[in-house]
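**Student:** Everything below, folded, please.
(one chain, ligands or ions: 1)
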Amino acid sequence: MDNKIRIMIVDDELIVRESLLTWFEKYGHEMDTAASGLEALEKLEQKPFQVMFVDIKMPGMDGLELLEKVKEEYPEIMVVIITAYGSIESAVKAMRTGASDYLLKPFKPRQLSLVMERIFRQQKITSDYYYLKGHLEQITRFDNIIGQSAPMKKLYSLIPEVAQSDSSVLITGETGTGKELVAKAIHAKSPRAELPFIAINCGALPDTLMESELFGHKKGAFTGATHARKGFLEIVSGGTLFLDEIGDISAKMQIDLLRVLEDKKIFSVGSKTPVAVDFRLISATRQNLENRIMDGVFREDFYYRINVIKIHLPTLRERKDDIELLTVHFMEKYSHETTKHVNRIKPDAITLLKSYDWPGNVRELENAIERAVVLSKSRTLGAGDFSFLQPARAAITIEQTLKAVQKEHILRILDEQDWQITRSAEILGINRVTLHKIIKRDNLKKRT
Ligand SMILES: Nc1ncnc2c1ncn2[C@@H]1O[C@H](COP(=O)(O)OP(=O)(O)OP(=O)(O)O)[C@@H](O)[C@H]1O
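**Tutor:** Model (predicted):
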C-alpha cells in the first residue's frame, strides 16, 4: 500500500474508530474520523477525502442515508460500508446504492488489507478515466483558451492557419473577450514562437512616452534621457508585437507606425541613423475602427495595413454554452491557487451565471469565480455565493421609447467603462462634452 490517501472513518463506536485509525496510520494515510453522519458531511465540506469507511448502524442518520448523500454530492469518493454479520441484506443494498465494498464486523487485518487492495485497483481505473477525460478536455480548449461553442471551434481552426502567415492581424471584440490570449496563441503557434512576444497597451501611454517606448531614444534626445534606450520595435527582434487598444493611438503615431510597416526600419528619437526591424504585428481593439475612420480620427491607409487578417471574438453573452466549462476551469484554477478545494458548483449557481449578461465578458466571469472561491466557507458554490452580481439588464421591449433605450445604452457603456468619460464617449461615437451634457440632462448615476 504505497499510495497515501485521505480516509474518513464514520462510526458511532469509539473503539471501531480508534482501531481503524491505528491500523491505517501505520501506512501513512491521512486520517480523520466522525461519530455521526452529520459530522461526516460537515467534514466533507471542509476538505476532500478519497475513501470513507461508514458504519451502517448509527443513531440519527444511518450509514445508508449517508452513503446516498455522499454519492449524490461527491460521487468520486469510494465508500466502504461496515456491517455486522447477519445484516448482509443492507450490505447488498449499500452496494446497489454505490458503495465500493463492504466489511463484515468483527474484521481481521487481513480482510482490511484485501478491501484496500480492491480500493486501489478501482482508484487506478478511475484515475485512468480522468486521464482520458483530460485528453478529451484538450479538445474543448486551445492552449489556454477555453470553450467548445461553435464560434470558439471556428477560432481554434483559424489560429493555426493565421499563425503560419506573417500578415498583420487585427483582433476585435469587447473588453475581456480574450483578445490578448488569442494574440499569444497565434504567436505561440507561429514560426516566431521562440522569439519575444511584446504587448503594449496603447491606451495607457501618452503619445510622447509611446514614441520613446516603441522607437527608443538616443542619449540626450530629450530632458531626462540620460542614456540611450532601445525601443520595443527593436527589442522584439523577429518576434511578435501586440498593440492593444490600437484605436487609441494618435494621428502622428499612426503615420509613424505606417511608415515602419512599409519601410521596415526605424529612427530612434534624436537619431538620424535607420535601424532595420523585423516583427509581426497583431493589434486589438474594442472600438469600431470603421466608425473612427468616418469620424476622421483613424487613418484609412493605416487601418488597411493593420487589418490584413481580421479575427472577431464573440462576447460571452453570445456563447453562454461555454459558461459552465469556463466556470469549472476558473474554480479549479482558484481552488488550486488558494488551496481551498472549492471544486463543486450547484445547478442553481450555473443557472444564475448563465442568466447574467457579462458586460466584462470572460474577465468579469473569472473575477466573479475568484471572489466566490476566496469568500466561500464550503467546498460547494451555490447561487448565494454570487449575490454580488448585478441582475441581468432588462432586455429592450417594443414599448420602450427611443429615449429610454438610448439612456439605458449610455448607462451601460458608462458602467462597463467604469465611468471613464473619454473612453465611453469614444465608444458611443460622441464627444466628451456631449456626453457630459447628457449625463447632466438625464441625471445619470453610477449603478452599483
Ligand atoms: N476563452 C477564454 N478561456 C479562458 N480564459 C479566458 C478566455 N477569454 C478570456 N480569458 C481570460 O480573461 C481575462 C481577459 O482576457 P484578455 O486580456 O485576453 O481579454 P482582452 O479582450 O484582451 O481584454 P481588453 O480588451 O480589456 O484588453 C484573462 O485573464 C484571460 O486569461
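
**Student:** When you work out contacts or count neighbours from here on, use the C-alpha atoms and nothing else.
**Tutor:** Will do.

**Student:** who touches stretch 296-315?
**Tutor:** 151, 162, 167-174, 177-179, 247, 251, 254-255, 258, 261, 281-283, 289, 292-293, 361 (Cα atoms under 8 Å, 6 or more residues apart in numbering).

**Student:** Need the three-state assignment for residue 186.
**Tutor:** Assigned with DSSP: H, G, I helix; E, B strand; the rest coil, residue 186 falls in the helix class.

**Student:** what sits against it?
**Tutor:** 159, 160, 162, 163.

**Student:** give me that answer again for 6 Å
**Tutor:** 159, 163 (Cα atoms under 6 Å, 6 or more residues apart in numbering).

**Student:** cool, the one 3 residues further on as well?
**Tutor:** Residues in contact with residue 189, defined by Cα under 6 Å, 6+ apart, are residue 163.

**Student:** per-residue confidence at residue 252?
**Tutor:** Note on residue 252: pLDDT of 92.

**Student:** looking at this, it is in a strand?
**Tutor:** No: counting by three-state DSSP, residue 252 is not found in a strand; it is helix.

**Student:** give me the number of residues near residue 80?
**Tutor:** Counted with other Cα atoms under 10 Å, residues neighbouring residue 80 total 25.

**Student:** Not counting its own residues, what contacts stretch 428-445?
**Tutor:** Against stretch 428-445 from outside (Cα under 6 Å, 6+ apart): 422, 425.

**Student:** Only the buried residues of that stretch, if you could.
**Tutor:** Within stretch 428-445, the residues that count as buried by 16 or more other Cα atoms under 10 Å are 428, 432, 435, 439.

**Student:** could you redo those residues as TSV and give each row secondary structure, distance to the ligand and pLDDT?
**Tutor:** As requested, the buried residues of stretch 428-445 are arranged in TSV below (DSSP: H, G, I helix; E, B strand; the rest coil; distance: Cα to the nearest ligand atom, whole Å; pLDDT from 0 to 100):
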residue	secondary structure	distance to the ligand	pLDDT
428	helix	16	88
432	helix	21	88
435	helix	22	93
439	helix	24	92
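
**Student:** starting at the chain centroid, how far to the helix or strand where residue 54 lies?
**Tutor:** According to DSSP states H and E, residue 54 maps onto strand 51-55. Relative to the chain's own centre, strand 51-55 is displaced by 35 Å; criterion: Cα atoms, centre = their mean, to the nearest Å.

**Student:** ditto for stretch 108-124
**Tutor:** Counting by Cα atoms, centre = their mean, stretch 108-124 comes out at 39 Å from the chain centroid.

**Student:** for stretch 94-109, same thing?
**Tutor:** 41 Å.

**Student:** Contacts for that stretch, please.
**Tutor:** Under Cα under 6 Å, 6+ apart, the answer for stretch 94-109 is 78, 79, 80, 81, 82, 83, 84, 85.

**Student:** Alpha carbons of the strand holding residue 54, as PDB, please.
**Tutor:** What follows is strand 51-55, C-alpha atoms only, in PDB (Å, rounded to 0.1, in the frame of the first residue of the first chain):
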ATOM      1  CA  VAL A  51     -12.200   6.900   0.800                       C
ATOM      2  CA  MET A  52     -14.800   6.600   3.600                       C
ATOM      3  CA  PHE A  53     -15.500   3.700   5.900                       C
ATOM      4  CA  VAL A  54     -19.100   4.000   7.100                       C
ATOM      5  CA  ASP A  55     -20.900   2.000   9.700                       C
END
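
**Student:** Report the rounded mean pLDDT for it.
**Tutor:** Computed over strand 51-55, the average pLDDT equals 95.

**Student:** Mind giving me the packing neighbours of that strand?
**Tutor:** strand 6-10, strand 78-84 (3 or more Cα pairs under 6 Å, 6 or more residues apart in numbering; DSSP states H and E).

**Student:** least reliable of those strands going by mean pLDDT?
**Tutor:** strand 78-84 - the lowest mean pLDDT of those, at a mean of 91.

**Student:** Can you name the next helix or strand after that strand?
**Tutor:** helix 88-97.

**Student:** if we can go back for a sec, so what are the sheet partners of the strand holding residue 54 and their directions?
**Tutor:** Each strand that pairs with strand 51-55, with its direction, by DSSP bridges: strand 6-10 (parallel), strand 78-84 (parallel).

**Student:** Validate this expectation: residue 284 resides in a helix.
**Tutor:** No: the assignment for residue 284 by three-state DSSP gives strand, which leaves it out of any helix.

**Student:** Quick check, pLDDT for residue 109.
**Tutor:** Residue 109 is given a pLDDT of 86.

**Student:** Return the nearest residue of the stretch 201-350 of the chain with respect to the ligand.
**Tutor:** residue 286 (5.9 Å; Cα to the nearest ligand atom).

**Student:** Name the residues of the protein found near the ligand, please.
**Tutor:** 144-147, 175-181, 286, 362-363 (Cα under 6 Å from any ligand atom).

**Student:** Out of these, which is nearest to residue 270?
**Tutor:** Top of the list for closeness to residue 270, among these and by Cα to Cα, is residue 180 at 32.1 Å.

**Student:** Next one: the closest one from residue 148, what distance?
**Tutor:** Here the criterion is Cα to Cα, to the nearest Å. By it, residue 180 lies 19 Å from residue 148.
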